[in-house]
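Chemist: Sequence first, predicted model second:
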Amino acid sequence: MAVVDQSAAPVSAERSAARARKPNKLFRNLTAKIAMIPLVFVSVGVFVGFTIWTIVYSFTSSKLLPKLNFVGFEQYTRLWADRRWLQSIENLAIFGFFSLILTLVVGFTLAALLDRKIRGEDVFRTIILYPFALSFIVTGLVWQWILNPQFGIQHIVQSLGWTSFQFDPLNNPDIVLYGILIAGIWQGTGLIMCIMLAGLRGIDDDIWKAAKVDGIGTLKTYLRIIIPMMRPVFITSLVLIAAGIIKVYDLVVAQTSGGPGLASQMPAMYVYDYMFGGQNLGQGFAASTMMLVTVAIILIPWAYLEFGGKKRG
Amino acid sequence: MKLTTKLLAATALISAGAVSTAANAVELEVTHWWTSGGEAAAVAELAKAFDASGDTWVDGAIAGGGDVARPIMVSRILGGDPMGAFQFNHGRQAEELIEAGVLQDLTSVAEAGNWREIIRPISLLDACTVDGKVYCAPVNIHSWQWMWLSNKAFADAGVPVPTNWDEFVAAAPALEAAGKIPLAMGQQSWQSSGAFGVMAVAIAGQDAYLAVNRDKDEAVAAGPEYAKVFEAAANARAMAANSNVQDWNQATNLVITGAAGGQIMGDWAQGEFAVAGQTAGVDYTCLPGLGVNKILDTGGDAFYFPVNSDPEITAAQLRLAALLVSPEVQVAFNLKKGSLPIRADVDLNAANDCMKQGLAILDSGAILPSGTQLLSPDTATQINDLMVEFWNDPAITAGDAQARYAAIIAAAD
C-alpha cells in the first residue's frame, strides 16, 4: 500500500498539476485578456486590415470608387515613370537627410547648453519649445512671410543698407528645399531638445564627478561618455524625426504648395493629389504602398538589430 | 405641478408646430465651395430664392476650393449621409457617381422645364446627360479664354495697349524696359495648365485643340500646330520669369496695380477688378481668345442631387433643380458671380463690357467644350504636373515638353 501510494502520489500530483496548468495558460489574467480584445481587434482591423486593403487595391484600376478590376503592376509602372514622383522621392531624401542630422545636432546642442545649469533655464526652454505648439500650417505660413523677398529677411537687410543682398529661397528651385528645411527645424528642434534634456538629466552626477576626477574634458565627456549612455533617448528622437520626415505634407503645402515647378514636391502630396484631385485611387494607393515599403526597408533591419539582438545576448 | 403641466403643454405645442412646418417646408442641405466675397453673395441669391419658395436652404459651404470640397462630398454620399444637393463642375467629375446609381435622375424636371430648348449652349446639358437621363442642373458658364491687360502698365511703358497676343509679345521688351513684369502668372499647377490650354486654342486653333483634348489624337499633340503652341509657351515662360506669386488673385493684383502687363486667366478674374473699383475699357482691357481666336470654352458649375430615401426630400430636390434654371434666379445669381447665364432668354443689361463681349461670342456660337468636360481628372492632373514643371524650369525645352505631353494624351482615358 505504502509502496503503491508512494509511486501513485507523484503521478497524481503531476496530473493535477497538468490539469491546473492547462487552463492556466489560456485563462490566466482572464480579465486583462478580455480587456485587451478590443485593442487587438482595432489594431488588427485598422492597422493590418486597412493596410492590406490598400495594397490589394493598388493593383486595380480604381478611379473615384474602389473597384476590384486587377491590372497587375500597371499603377507601379506608371508611378516609377512619373517625373513628379521621382522628383518627390529625391526631394524627400535631401530634406530627410539634412532634417535628421540638423535636428539631432541642434536639439542636442541646445539641450547640452541648457544643462550647464544656466540662469533662466525655464525661460529659454519655453521659448525654444514654443514653435512646437504651432501646427505645420501656421509654421509654413509664418516662414512664407519671413522668407518673402518684399516683406521678410531680404527686405529688412536691404533697408539696413546692404542693398545688393539677395535671399529669396522660396522662389528659387535650387534652394527651395532649404527654405522649407529652416521652417521644419525651427518647429521640430524644441521637442527634440526637451527629450534630450530629459535624457541628460537622467545621467547620474557621479558620472560627471568621475570624469572630472579622471581629468576628462567637458566636450570629450559628452562625446565619449554621455552620448553613448543616451542611446535610448537618441533612438526615440530618431524615430520621432523620421516619422515626421516621411509624412511631411502640410508644411510644404502651406509654404510653397510644391513649387516652384516641382522643386519642393513630396511623396505625400503626390498621394493626396492623385487620390482626391485626380480621382485615381489606384495610383494614389500604389504611391502610398511605396511609401510604406520605404519605411519598412528602413525600420525592419533596425528593429531586428535593436530587438532581435537582445534575445541572443 | 402646475409648472410641469405648463412645460409639457408648451413642449407639445412646439413639437406640433415643428411637425406642421416640416410638412410644408423641407430643409435641404446644399454643399458647395463658393466662399470668396463675390461667390458668397451669389450663393445668398440662390438661398433667398429657395427660401422664398417655401423650403429652407441649409448652407453647407466647404472652404478651400474644389479639390478640398469634392472628396468630402463624395465620402459623405458614399458613406450614407447624403446632403440635399451639391455643386460640382459639370463634366467628367461625377461620371462614376452616376454609374454607381447614387445620384437623382432629374429627367422629369428637365422635360417639364423644356431644358433641351432653353439651355445654351446645349453641351452644358449634354454634360449632365448620361444614357438619355439628366443628372444635374447647370447654373452658370465660366470660360478660360481671356487675357486681362493693365492699361496703366502699357501707358507707363509708352506703348499702345495690344489688341492680340502677337502685339503683346512685341510690346513685352518695352514693358521690361519700364521695369514691369510682362506676364503675371501664379505658380500653382492649374494656372500653368490653364494658360497653356488658352494658348493652344488661340494658336493651334479649334480643330487641333479638339483633336487632342476630345479625340485624344497623340499625332496632333506631337504635330506642328502644337509645336507652335509649345514655342509660344516657352516664350511666355520667359516673360513670366519674374512673377513670383502663388495664387491667381495675387497675379491679377499685379495687373490691377500696373506692376504687370497682363495675365491669362478665366473670367472669374473680373471679380477682382470689380472689387478694386476698376472699369473695363478704362483701367483694364480684356481680350477674349487672346484677341486671336475669339472662342470661349463653356465650363461652369452645376448642382447634383444624391438619391434620398425620404420622398419629401426628393420632391424638394426636384423643386430646387427647377428653381436653379429659372430666369429670375439665373439673372440674380450670375450678376453677382460674374459668370454668364445658361439661358439666352434673360436680360443682362447690368453686365459690364467684358461680360457683354462674352455674351456676344456665346450668341455667335463660337464655343468649345471645357477641359473638365473633355479630360478625366486623372489626365488633367498629369497635364497640370507637366505644365507647372515646364513653366518653372527653363531647362525643359519646348520639344521635350511636347513629347511628354503627347505621351500623356496617348495614355489618356
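Modeler: Good, I have the coordinates.

Chemist: CA atoms for contacts and neighbours, from now on please.
Modeler: Noted.

Chemist: Point to the residue nearest the middle of the chain.
Modeler: No chain in the question, so chain A it is. What sits nearest the mean C-alpha location of chain A, by Cα atoms, centre = their mean, is A:Ala243, with 1.7 Å.

Chemist: Chain B was what I was after
Modeler: Within chain B, and using Cα atoms, centre = their mean, the residue nearest to the centre is B:Gly300, at 4.1 Å.

Chemist: tell me the mean pLDDT over the helix or strand hosting the residue nearest to the centre of chain A?
Modeler: For A:Ala243, the enclosing helix or strand under DSSP states H and E is helix A:231-246. pLDDT averaged over helix A:231-246 equals 87, rounded to a whole number.

Chemist: Now tell me what touches it from outside.
Modeler: A:92, A:95-96, A:99-100, A:103-104, A:192, A:195-196, A:199, A:268, A:291, A:295 (Cα atoms under 8 Å, 6 or more residues apart in numbering or on different chains).

Chemist: 7 Å - rerun?
Modeler: When contacts are taken as Cα atoms under 7 Å, 6 or more residues apart in numbering or on different chains, the neighbours of helix A:231-246 outside the stretch itself are A:96, A:100, A:192, A:196, A:199.

Chemist: cool, stretch B:116-136 as well?
Modeler: For stretch B:116-136, the external contacting residues (Cα under 7 Å, 6+ apart) are B:90-91, B:103-107, B:138, B:302-304, B:342-344, B:369, B:373.

Chemist: near chain A, which of these show up?
Modeler: Of the entries in the contacts of stretch B:116-136, not a single one is placed beside chain A under the rule of Cα under 7 Å from any Cα of the partner chain.

Chemist: Out of the residues you listed, name the ones that lie in strands.
Modeler: Secondary structure of the contacts of stretch B:116-136 is defined by DSSP state E; positions in strands are B:138, B:302-304.

Chemist: still on that earlier bit, against B:Gly358, how distant is the residue nearest to the centre of chain B?
Modeler: Distance of B:Gly300 to B:Gly358, computed by Cα to Cα, to the nearest Å: 14 Å.

Chemist: which ones are touching A:Gln255?
Modeler: The neighbourhood of A:Gln255, defined by Cα under 7 Å, 6+ apart, consists of A:140-141, A:144.

Chemist: that's a strand at A:Phe167, yeah?
Modeler: No: with the criterion set as DSSP: H, G, I helix; E, B strand; the rest coil, the secondary structure at A:Phe167 is coil rather than a strand.

Chemist: Any buried residues in the helix holding A:Ala243, and which?
Modeler: For helix A:231-246, the neighbour count (16 or more other Cα atoms under 10 Å in any protein chain shown) marks A:233-234, A:237-238, A:241-242, A:244-246 as buried.

Chemist: Could I get the contacting residues of residue 251?
Modeler: In the absence of a named chain, this looks at chain A. With contacts defined as Cα under 7 Å, 6+ apart, A:Leu251 is in contact with A:136-137, A:140.

Chemist: switch to chain B, that's the one I care about
Modeler: B:184-186, B:245.

Chemist: switch to 6 Å and redo it
Modeler: Neighbouring residues of B:Ala251 by Cα atoms under 6 Å, 6 or more residues apart in numbering or on different chains: B:184-186.

Chemist: Highest neighbour count among these?
Modeler: Neighbour count (other Cα atoms under 10 Å in any protein chain shown) singles out B:Met185 as the most crowded of the contacts of B:Ala251, with 33 neighbours.

Chemist: And for A:Leu113, the neighbour number?
Modeler: When neighbours are defined as other Cα under 10 Å, A:Leu113 has 12 of them.

Chemist: Please tell me how far it sits from A:Ile195.
Modeler: The gap separating A:Leu113 from A:Ile195 is 14 Å, by Cα to Cα.

Chemist: now swap in B:Ala280 and tell me
Modeler: Computed with Cα to Cα, the distance linking B:Ala280 and A:Ile195 is 61 Å.

Chemist: that older thread, now, of the contacts of stretch B:116-136, which are buried?
Modeler: Members of those that pass the buried threshold by neighbour count (16+ other Cα under 10 Å) are listed as B:90-91, B:103-107, B:138, B:302-304, B:342-344, B:369, B:373.

Chemist: out of those residues, what pair is the most spread apart?
Modeler: Using Cα to Cα, the two most remote members of those are B:Leu103 and B:Ala344, lying 27.7 Å apart.

Chemist: interface residues of chain B facing chain A?
Modeler: Applying Cα under 6 Å from any Cα of the partner chain, we find that chain B lies next to chain A at B:67, B:71, B:377-378, B:381, B:388-389, B:392.

Chemist: Generate CSV for the contacts of B:Ala251, with pLDDT and distance to B:Val325 as supplementary columns.
Modeler: Compiled in CSV, those are given as follows (pLDDT from 0 to 100; distance: Cα to Cα, whole Å):
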residue, pLDDT, distance to B:Val325
B:Ala184, 93, 36
B:Met185, 91, 35
B:Gly186, 86, 34
